[in-house]
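A.B. asks: please work out how this folds:
(2 chains)
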Protein chains: 2
Amino acid sequence: MAESDSEDLSHVVARVRERIDPDEAEQTALRETAATLTSRVEDELAALSVDADVLRVGSTARGTWLSGDRDIDLFIRFPDDLDRESLERYGLAIGNAVLPEGHEEYAEHPYVVGEFDGFDVDLVPCFDVDDGSSLRSAVDRTPHHNEYLTARLDDELAAEVRVFKRFLKGIGAYGSNLRTQGFSGYLTELLVLEYGGFESLICAAADWHPPVELDPEDHGSRSFDDPLVVIDPTDPTRNVAAVCSAENVARLQHYARELLDDPRVDLFFGDDPEPLSAEDVQEHVRRRGTTPMAVVFDAPDVVEDQLYPQLYKSIAGIESELDRRGFAPIRSTTFAADRAVLFVELAHRTLPNVARHDGPPVHVRNHAEGFYDAYADGDTYGPFLDGDRYAVEREREFTDAAELLRSDTLFTVGLGSHVEEQLQEEYEVLVGDEVGGLAETFGGELAQYFDPKP
Amino acid sequence: MAESDSEDLSHVVARVRERIDPDEAEQTALRETAATLTSRVEDELAALSVDADVLRVGSTARGTWLSGDRDIDLFIRFPDDLDRESLERYGLAIGNAVLPEGHEEYAEHPYVVGEFDGFDVDLVPCFDVDDGSSLRSAVDRTPHHNEYLTARLDDELAAEVRVFKRFLKGIGAYGSNLRTQGFSGYLTELLVLEYGGFESLICAAADWHPPVELDPEDHGSRSFDDPLVVIDPTDPTRNVAAVCSAENVARLQHYARELLDDPRVDLFFGDDPEPLSAEDVQEHVRRRGTTPMAVVFDAPDVVEDQLYPQLYKSIAGIESELDRRGFAPIRSTTFAADRAVLFVELAHRTLPNVARHDGPPVHVRNHAEGFYDAYADGDTYGPFLDGDRYAVEREREFTDAAELLRSDTLFTVGLGSHVEEQLQEEYEVLVGDEVGGLAETFGGELAQYFDPKP
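C.D. replies: Prediction:
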């Protein structure tokens, strides 16, 4: 059984590789374009009489890209004794010269992004630091990562990386952006290196007991609280998997088992679900008997890595506030395009007027007397005794969750700062069937919500 | 301040005593009737040529009765070597001769109860055992208790006992029957003895930190789990306060503080609340915004000490089942006359069709695979991931609490046995406003429920 599964898996991997391995023509085109770009940058450096070297980094430099990816990353590495201002100035000057149609982006410092011969090119200046632990800017790590991997990934291992990367994409766990909180490219390559190939990695992951702690260079110098810890071979203080959420680790484990149990190509190429219509959404709500609510507002004008953590924080705050007040949230989600949506589905839209509130044990005299005196003359029911404690039933502040979401209490739940600013401007609350209207823009997201998968 | 409170308390106690101390005429009448009864019993014993003595026991034997109480307890104490059958036969023969209008009751063995000169008389046969730890029947303890207390309670302490007893009655904590689960007469007297008087007992109780452990004879030979432990001076293995609930201990503590804080006579003579009408009940329900439900059935034909524990067990079972299933009970109660009522007030009569069900962490492979496989092909929503765990949303068995109470599931909640038998015969479920109809019989109980006090 294991034998035949294993054979099946090899066939599946072979079929996946047919679809993702870049062919000779693609490799040649990429190599030639990268060479052209490199010499243009070198020409600019010579013109400026600056001493710097040009490095190809990223998946297309290491043969780990998937067919069709069109990203070329060139790093311009300046001496460590250069001041930051000059680095930025040189970096932009060269970038704009080589990619005159490009535009500037900004991470820790500005760099130029543009198209060249049909490829998406990043031209990034960095400092030539000794190792990953003496960085001057976050991107200074990249050449070290590149060097480490290039020395270790032969063609066969690079192919295994491509398969694993495609698998992670298929199951929705690829990408270290803060929306996905999945596996970064670098992490993907380190894992394949560590386990020696895709299949052995999959077999291992199926049996992981987080926290999983890997340290390829055996030099880790601190501990981490994350479910997956992979100490950066170029920096003993860094967990390469720090961004990877417990859910994405679990997702990999789930689909690793699924793949071993029933190997099939479609796991590598997950289909987006059919978007729902407004009527579909309403039919789901009717079938579930719940009350969905959505806070809808203009998406703050910030990058996704700022937006999504704020949306996650905001919806978690809303869900826990509604839970604390008894509206029994069942699930929640958030999505954004031009408008952003904080979506929560409640077991109860409305609650009784009274809420039970338990007091201290009667024998804790100070607290007990304080509690009793606080409620004795109010219009609560009680205080009365329940076992050895006081209890009262007092009036609820909100008996309707929609009222809560429309009140200032919304601003006390721990919203993300840009979300809060935007909500202060304007927002609307959709209740029950009204959320059907979201399907026009977010039919795909709602399809995932109403047919949730691992 | 404490000084003046203390003076106030003395005045209050004096005014209470005016109302509860039996006057000379009452004492004389009681003494004479008891003497007449005693000699009649002795005559019967002589006629039967049985060697036994006659003892007056209980509060009227010790001067601890409250004015108006009309109970005379006479024990006929037979030698320890008598067989039980003869004891029962003699006991009933003498009882029926002395109280020809009386009737037989049955505790551990039968005894005769009847009226005599306007007094309620119990004539109880018992064995003359050495001490409380070598009983042949539960009532054999009573003469030992009586002897212990009689030797220690002088007139002044007896008066203090009366005041404490009246206080416990006023706050609803007097009586060791299994409906009240409060303080027995014997416990009341031991506590006054232990603390030397009513006021010092009240001061102490206000500051109790349960478990409170008292052992007047310092001979306790086992430990107890109860909030109040008073080792029986006549039996080192018995907690006299075993029946006393944590709630009644807390009740005494609460009202002890109340009395010290604001001494007043009305605490000793609690008024029954004005019974509610059906409309009053419905107005409360409307104001509270809840859904009360009542299971109503013929009260099982058993004594109260059997009935109430079964009612308490049954309503606790119903409340916890409804809680477990998400109907969010707020409070419950039970009461009985010809019909018995299991009453529970819910935050929600109805629930959504789906209920969240959390599974194991994905990394616990065996459990996780079992959970996933169990739900993967069903019509649940999911399984999906929530953090490192699987979860599903599955269809609820009951979305309406009334349906649950009308179904066989009612019989799975741990009903008392006689309650269960009766429910198998017939019951009805009242929902919402329909519970107003209970006010006709239980208006007083419902008044307590809807205006709960410590």
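A.B. asks: show me what from the stretch 301-450 of chain A comes close to chain B.
C.D. replies: Contact residues, the stretch 301-450 of chain A versus chain B (Cβ under 8 Å from any Cβ of the partner chain): A:326, A:328, A:330-331, A:347-348, A:351-354, A:356, A:361-363, A:365, A:368-369, A:372, A:381-390, A:393, A:399, A:450. C-beta: built from backbone N, CA, C; applies to glycine.
A.B. asks: out of those, name the ones that lie in helices.
C.D. replies: Counting by DSSP state H, the part of these found in helices is A:365, A:368-369, A:372, A:450.
A.B. asks: and residue A:97, that's in a helix?
C.D. replies: Yes - according to DSSP: H, G, I helix; E, B strand; the rest coil, residue A:97 belongs to a helix.
A.B. asks: so it is in contact with residue A:45, correct?
C.D. replies: No - using Cβ atoms under 8 Å, residue A:97 makes no contact with residue A:45, being 10.4 Å away.
A.B. asks: report how many residues lie close to the closest residue to residue A:195 other than its chain neighbours.
C.D. replies: Leaving aside its chain neighbours, residue A:195 sits nearest to residue A:201 (3.8 Å; criterion: Cβ to Cβ, 6 or more residues apart in numbering or on different chains). Residues within reach of residue A:201, counting by other Cβ atoms under 10 Å in any protein chain shown, total 23.
A.B. asks: repeat that for residue A:197.
C.D. replies: Counted with other Cβ under 10 Å, residue A:197 comes out at 18.
A.B. asks: was I right about it contacting residue A:157?
C.D. replies: Yes - at 7.2 Å, residue A:197 counts as touching residue A:157 under the criterion of Cβ under 8 Å.
A.B. asks: could you measure the residue nearest to residue A:195 against chain B, distance?
C.D. replies: 16 Å (Cβ to the nearest Cβ, to the nearest Å).
A.B. asks: what packs against the helix or strand containing that residue?
C.D. replies: Residue A:201 belongs to helix A:198-206 when assigned by DSSP states H and E. Counting contacts by 3 or more Cβ pairs under 8 Å, 6 or more residues apart in numbering or on different chains; DSSP states H and E, helix A:198-206 is packed against helix A:2-20, helix A:155-171, helix A:185-195, helix A:246-261.
A.B. asks: would TSV of the ones you listed with distance to residue B:442, mean pLDDT and mean neighbour count be doable?
C.D. replies: Output for the helices and strands packed on helix A:198-206, formatted as TSV (distance: least, Cβ to Cβ, whole Å; pLDDT from 0 to 100; neighbours: other Cβ atoms under 10 Å in any protein chain shown):
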stretch	distance to residue B:442	mean pLDDT	mean neighbour count
helix A:2-20	68	81	14
helix A:155-171	61	97	21
helix A:185-195	68	98	22
helix A:246-261	53	97	22
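A.B. asks: show me the shaky parts of the stretch 51-200 of chain A.
C.D. replies: The stretch 51-200 of chain A contains residues with pLDDT under 70 at A:132.
A.B. asks: could you pull out the helices for it?
C.D. replies: Counting by DSSP state H, counting those that start in this stretch, the stretch 51-200 of chain A has these helices, from start to end: A:59-62, A:84-98, A:141-152, A:155-171, A:185-195, A:198-206.
A.B. asks: kindly report the domain assignment for chain A.
C.D. replies: With domains defined by automatic domain parsing, chain A comprises A:22-145, A:155-268, A:278-350+A:398-450, A:354-395.
A.B. asks: what would those domains look like in a markdown table with distance to residue B:422?
C.D. replies: Below are those laid out as a markdown table (distance: least, Cβ to Cβ, whole Å):
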| stretch | distance to residue B:422 |
| --- | --- |
| domain A:22-145 | 72 |
| domain A:155-268 | 51 |
| domain A:278-350+A:398-450 | 34 |
| domain A:354-395 | 27 |
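A.B. asks: of those, which approaches residue B:137 most closely?
C.D. replies: domain A:354-395 (33.3 Å; Cβ to Cβ).
A.B. asks: how about residue A:275, secondary structure?
C.D. replies: Criterion first, three-state DSSP; result for residue A:275: coil.
A.B. asks: that one: neighbour count?
C.D. replies: 16.
A.B. asks: tell me the contacts of it?
C.D. replies: A:439, A:443-444, A:446-447 (Cβ atoms under 8 Å, 6 or more residues apart in numbering or on different chains).
A.B. asks: which one of the ones in helices among the residues of the stretch 301-450 of chain A next to chain B is nearest residue A:302?
C.D. replies: residue A:450 (28.6 Å).
A.B. asks: OK, contacts around the closest one?
C.D. replies: A:276, A:280-281, A:284, B:381.
A.B. asks: what about 10 Å?
C.D. replies: A:273, A:276, A:280-281, A:283-285, A:287-288, A:292, A:331, A:345, B:381 (Cβ atoms under 10 Å, 6 or more residues apart in numbering or on different chains).
A.B. asks: just residue A:269 next, same as before
C.D. replies: Residue A:269 touches A:16, A:19-20, A:166-167, A:169-170, counting by Cβ under 10 Å, 6+ apart.
A.B. asks: could these be laid out in CSV, adding distance to residue B:248?
C.D. replies: Shown next, in CSV, are the contacts of residue A:269 (distance: Cβ to Cβ, whole Å):
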residue, distance to residue B:248
A:16, 72
A:19, 76
A:20, 75
A:166, 70
A:167, 65
A:169, 66
A:170, 65
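A.B. asks: related to what we said a few turns ago, between the contacts of residue A:450, which has the most around it?
C.D. replies: Ranking those using other Cβ under 10 Å puts residue A:292 first, with 28 neighbours.
A.B. asks: wait, a strand at that one?
C.D. replies: Yes - the assignment for residue A:292 (three-state DSSP) places it in a strand.
A.B. asks: distance check, it against residue A:345.
C.D. replies: 5 Å (Cβ to Cβ, to the nearest Å).
A.B. asks: which neighbours do the two share?
C.D. replies: Shared contacts of residue A:292 and residue A:345, counting by Cβ under 10 Å, 6+ apart, come down to A:284-285, A:330-332, A:435, A:449-450.
A.B. asks: out of the residues you listed, which comes closest to residue A:312?
C.D. replies: Relative to residue A:312, and with distances defined as Cβ to Cβ, the nearest of the shared contacts of residue A:292 and residue A:345 is residue A:332, at 9.9 Å.
A.B. asks: nearest residue to the closest one in space, please, no chain neighbours.
C.D. replies: Nearest one to residue A:332, counting by Cβ to Cβ, 6+ apart, is residue A:344 at 4.1 Å.
A.B. asks: within the sheet, what are the partner strands of the helix or strand containing that neighbour, with directions?
C.D. replies: Here residue A:344 sits within strand A:339-346, counting by DSSP H and E. Sheet pairing for strand A:339-346, assigned by DSSP bridges, gives strand A:291-298 (antiparallel), strand A:329-336 (antiparallel).
A.B. asks: about what we covered before: how about the helix or strand just after the helix holding residue A:201 and chain B, touching?
C.D. replies: Next along the chain after helix A:198-206, taking DSSP H and E as the criterion, comes strand A:212-214. Yes - against chain B, strand A:212-214 shows contacts by Cβ under 10 Å from any Cβ of the partner chain at residue A:212.
A.B. asks: who touches strand A:212-214?
C.D. replies: Taking Cβ under 10 Å, 6+ apart as the rule, strand A:212-214 contacts A:190-191, A:193-195, A:204-205, A:220, A:223-224, A:226-231, A:239-241, A:249, A:253, B:363.
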